[in-house]
Structure formats: structure tokens, C-alpha cells
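Visitor: Here is a sequence with its predicted model. Questions after.
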Amino acid sequence: MSNHLIMKNIFNSVSCVICIVLISFSCSQSDNSTEELRDEVIAIHDEVMPKMGELKSMRKDILKISENLQQEDSLGNTEKIQELESLAERMDQAFDGMFVWMRQYKPAAEEVSDEDYREYLIGQKEMVEKVNQDIRSTMAEARSVLESKN
């Protein structure tokens, strides 16, 4: 065997090893980034899920204020009553949005490629961010109303 042939075999072997390492690293990176993305989605959910009881309680308080305004002077308070009822409705929608999202969310890839699952997670992250924002914004608005009444 000539030196040239030996060098060629060594070069091919080293090239194969490098390709295998790069492919393994790439797959590992993909798995990690998918796991990280899934963790981000769950973290967004976990941020507001504990506030769901408080959201419902605040909604009840908002409707109580609306009811009191109706009893005081339903015609004179029409605009404020409508604002409060609208807020209560948005709070209901935010609450329901969390459970709608939870029912459709799939925490694991089922017979889809890593890339498709990653795209799915990106969409889920956008959806749960909206749910999170809806909950936080309606709670902030309700908190403002309730603090002004105290």
C-alpha cells in the first residue's frame, strides 16, 4: 500500500468521524432547543396559572360593584356599568382562554418531525403568551377599579 493510499484512507476516516460528530451535535442542539422551547411555553403557563382563582374572585368583585351601581342609579351609571360588565366578560374570556389552550396543548411530539414539533411549540408559545397577557391585563384593570373603590 502506498503512502498516498494510506493518507487517503486516514483522511476519509477522519472526515467520517467529523461528520458523525457534527450530526450528533446538531441533533443534540435541536433536542435541547426544542426542550428549552417547551420549557419556555410551560413557564409562561406556570406564571399565571396560580392566579386563576384570584382572577375569578376579582371578576366577582367587579360584578358586585356593577350590581351596586345598578341599584343606586341604573340610568345615571349606565356607562360605568357597561364598562364593568365588559371587563368582567374579558376576564371570563381570559379565564376560558387558559383552559382552551391547556386542552389543545400537546407536551410531547407525537409522530412528527423535530422541525414540525418545534414549529408547533413556537405557535403554542405565541398562544400561551396571549393567554398570559390577557389574564395579566384584565387583572391589572380590575385591580385598578377595585383599589379606586376602597
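Guide: That came through fine.
Visitor: Okay, helices next: where are they in the protein?
Guide: With helices called from DSSP state H, the chain shows them at 3-48, 52-73, 78-104, 114-149.
Visitor: Those helices: lowest mean pLDDT?
Guide: Looking at the helices of the chain, the lowest mean pLDDT belongs to helix 3-48 (a mean of 65).
Visitor: Tell me the spacing between the closest residue to residue 42 other than its chain neighbours and residue 96.
Guide: Leaving aside its sequence neighbours, residue 42 sits nearest to residue 107 (Cβ to Cβ, 6 or more residues apart in numbering; 7.7 Å). The way it works is simple: take the backbone N, C-alpha and C, and place the C-beta from them, glycine included. Counting by Cβ to Cβ, to the nearest Å, the gap from residue 107 to residue 96 is 21 Å.
Visitor: Contact partners for residue 34?
Guide: 109, 114, 117, 118, 121 (Cβ atoms under 8 Å, 6 or more residues apart in numbering).
Visitor: Could you rerun that using 10 Å?
Guide: 109, 114, 115, 117, 118, 120, 121 (Cβ atoms under 10 Å, 6 or more residues apart in numbering).
Visitor: Are any of those buried, and if so which?
Guide: Buried members of these, scored by 16 or more other Cβ atoms under 10 Å, are 117, 118, 120, 121.
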